[in-house]
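have a look; sequence and predicted model below, questions after that.
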Amino acid sequence: MTTADDLARLSAIDAALQARWPETRIAPTLERIAALADILGSPQLSYPTIHVAGTNGKTTTARMIDSLLAHMGLRTGRFTSPHLESFLERVSINGEPIDAKDFIFAYNDVAPYLELMDQKFEAPISFFEAMTAISFVAFAEFPVDIGIFECGMGGEWDATNVINAAVSVITPIGFDHMSYLGNTLTDIARTKGGIIKPDSLVVLARQEPEAAKELLRCAATAGVEVAREGIEFSLDSRAVAIGGQLISINGIGGKYDEIYLPLHGKHQGANAATALAAVESFFGGQQLDPESVRQGFAAVTSPGRCEINFREPTVILDAAHNPHGAKALAETLESEFTFDEIIGVFGAFEDKDVEGILQHLEPVINRLIVTQSSSLRAMPIGDLEKIAGRIFGADRVMSMATLEAAVKRAITDARSAVADESIGIVVTGSVVTVGEARTVLSRLATQ
C-alpha cells in the first residue's frame with residue numbers, strides 16, 4: 001500500500017531527478033554511468049539481460065519479451081522510457097510498475113553516489129542515467145531472473161549499454177534524433193549497432209537496406225550470430241480480430257499458430273515476431289512451448305500505442321512522434337478501423353519532423369485540432385497551426401490553447417455527429433501528449 005509519506009517522498013525524489021540534466025540533453029559517453037555502476041558494485045551484471053534498441057517499436061517489443069518470459073515462469077525486470085504518466089512505469093517488475101516503497105529503497109541506495117559522480121566529472125549524472133542506475137539496483141535488490149532494457153537514445157553511448165546482454169534486439173531504424181545520431185540511416189544504424197557485443201546473439205527486425213548492411217557489419221565485427229526478420233524468422237500471417245489480430249509466426253525454432261495479439265496494426269505483428277525470436281534466442285534457439293507463447297502474447301499490453309482508451313466516442317492514443325511511427329498509425333487506422341470520420345488531436349515537440357508526421361496523417365484524418373502539452377519542448381500552437389494549415393488546408397485545422405480543451409472539444413464534436421455516423425478521435429504527436437491525454441480521459445471517465 002502506498003502511503004501519504006510514500007507519495008511525499010516520491011514527489012521529492014521526482015523533483016531531485018528532474019533537477020538533473022534532462023534526458024534530451026546528452027553528453028555522448030559511457031564514462032559516467034560506467035563509473036556509477038562500478039561504485040554500486042555492477043548490479044546490472046548480476047542477472048542475464050536482453051537489450052532492445054531501434055527507432056520505433058522498442059517499448060512494445062520489450063513489453064512483449066517481458067510477457068513471454070513471464071509466462072515461461074521467469075521473474076522479469078523491464079526498463080523502458082519515456083513514461084506516460086508516472087516515472088515508476090519505467091522500472092517494471094513482473095510486468096507491473098515498481099512498488100513505490102521498493103523504488104524509494106533503490107533510489108536511497110543510489111542517491112549518495114550521484115553527487116559523488118557529479119563532482120568527479122565535468123558533466124553531471126543526467127535524469128536518464130540516474131533512472132538507469134536505479135533500475136540496475138532494483139532488479140538486483142528485488143531479484144529478477146532476467147532484465148529487459150530498452151535503449152533511451154542511440155545505443156553505443158546510451159546509459160543502458162553497460163549491461164552485457166545475452167541477446168541484442170534492434171527494431172526498425174528510421175530518422176529521429178538526427179542531431180545526435182547522424183543524418184543517414186547508416187550513421188544511425190552504426191550508433192544503434194553499438195549495443196552488439198561479442199558472445200551475444202543478435203535479432204534484427206526488418207530494416208531498410210542501408211541500415212541492414214551497417215548492422216550486419218557491426219555483428220560481423222563482434223563475431224556474433226544474427227537472426228533476421230524475413231530470413232531466420234518472420235510474421236507468417238495475420239488477420240484482423242476483435243480487439244487486435246490473430247497471427248502466426250515462423251520462429252527460429254519452429255512455427256507458432258493461432259496467436260491472439262490484443263494490439264492493432266501490421267507493425268505490431270512484426271514486433272511480435274521479433275520479440276518471439278529474441279526469447280527463442282535467449283533459450284538457445286529452441287522451439288518454445290506453444291501454449292506459453294499464446295498466453296504470453298494474449299497478455300501483452302502497450303499503453304499509448306494505438307490504444308483504445310475511451311468509448312463513446314472511441315478515442316485512440318498513439319505516441320507516434322516521427323514519420324515512421326505516423327505512417328504505421330495511418331496504415332492501421334485505414335486498414336483496421338471503420339470510422340466515417342476521424343478527428344485528430346495533435347501536439348508535437350519542436351525538434352521533431354512535424355511536417356513529415358502530418359503528411360502521413362493527412363490522408364486519414366478529416367479534421368485536426370492542434371494544441372500543445374506541458375513539455376518545455378512542445379512546439380508553440382501558432383507554429384503547429386501554420387504547418388498543419390499548409391498540409392491539411394486551413395479549413396480543416398483549428399487550435400486549442402490546452403490539451404485538455406482540445407480533447408474535450410474533439411469529444412463534443414464527435415458526440416454531436418448525426419446518429420448513423422461513426423466518429424473516432426486520435427490523439428498523437430508525442431509521448432507526453434498521449435500521457436497527458438490519458439490523465440484527462442481518466443478524469444472524464446469518472447465524471
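The structure has been received and is ready for your questions. Residues are numbered from 1 along each chain as shown.

so which residues of the stretch 1-150 of the chain form strands?
Assigned by DSSP state E, counting those that start in this stretch, the strands in the stretch 1-150 of the chain fall at 49-53, 76-79, 91-93, 96-97, 146-150.

partner strands of the last one and their direction?
Strand pairing for strand 146-150, determined by DSSP bridges: strand 49-53 (parallel), strand 76-79 (parallel).

quick one: those strands as a markdown table, columns for distance to Glu23 and mean neighbour count too.
For glycine as for every other residue, the C-beta is placed from the backbone atoms N, C-alpha and C. Formatted as a markdown table, the strands paired with strand 146-150 follow (distance: least, Cβ to Cβ, whole Å; neighbours: other Cβ atoms under 10 Å):
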| stretch | distance to Glu23 | mean neighbour count |
| --- | --- | --- |
| strand 49-53 | 15 | 29 |
| strand 76-79 | 13 | 27 |
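
so which of those gets nearest Met1?
strand 76-79 (22.1 Å; Cβ to Cβ).

give me the contact list for the closest one.
47, 62-63, 66, 69-70, 90-95, 131-132, 135, 138-139, 144-150, 160 (Cβ atoms under 8 Å, 6 or more residues apart in numbering).

can I get the buried part of those residues as one PyMOL selection?
To isolate the buried ones among these in PyMOL, judged by 16 or more other Cβ atoms under 10 Å, type:
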select buried, resi 47+62+63+66+69+70+90+91+92+93+95+131+132+135+138+139+144+146+147+148+149+150+160
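
ok, so what distance separates Lys266 from Ala437?
Relative to Ala437, Lys266 is positioned 24 Å away (Cβ to Cβ, to the nearest Å).

the more surrounded of the two?
Taking neighbours as other Cβ atoms under 10 Å, Lys266 and Ala437 compare with Ala437 leading, 29 against 17.

nearest spatial neighbour of the more buried one, chain-adjacent residues omitted?
Val427 (4.4 Å; Cβ to Cβ, 6 or more residues apart in numbering).

after whichever strand or helix holds that neighbour, next one along is what?
Using DSSP states H and E, Val427 maps to strand 423-428. Using DSSP H and E, the helix or strand that follows strand 423-428 in sequence is helix 431-445.

got the angle for that next one vs strand 423-428?
Put simply, helix 431-445 runs at 140 degrees to strand 423-428, going by axes from the mean of the first three to the mean of the last three Cα atoms, to 10 degrees.

any idea how far Ser168 is from the residue nearest the centre of the chain?
Closest residue to the average C-alpha location of the chain: Thr59 at 3.0 Å, with Cα atoms, centre = their mean. With distances taken as Cβ to Cβ, Thr59 is found 16 Å from Ser168.
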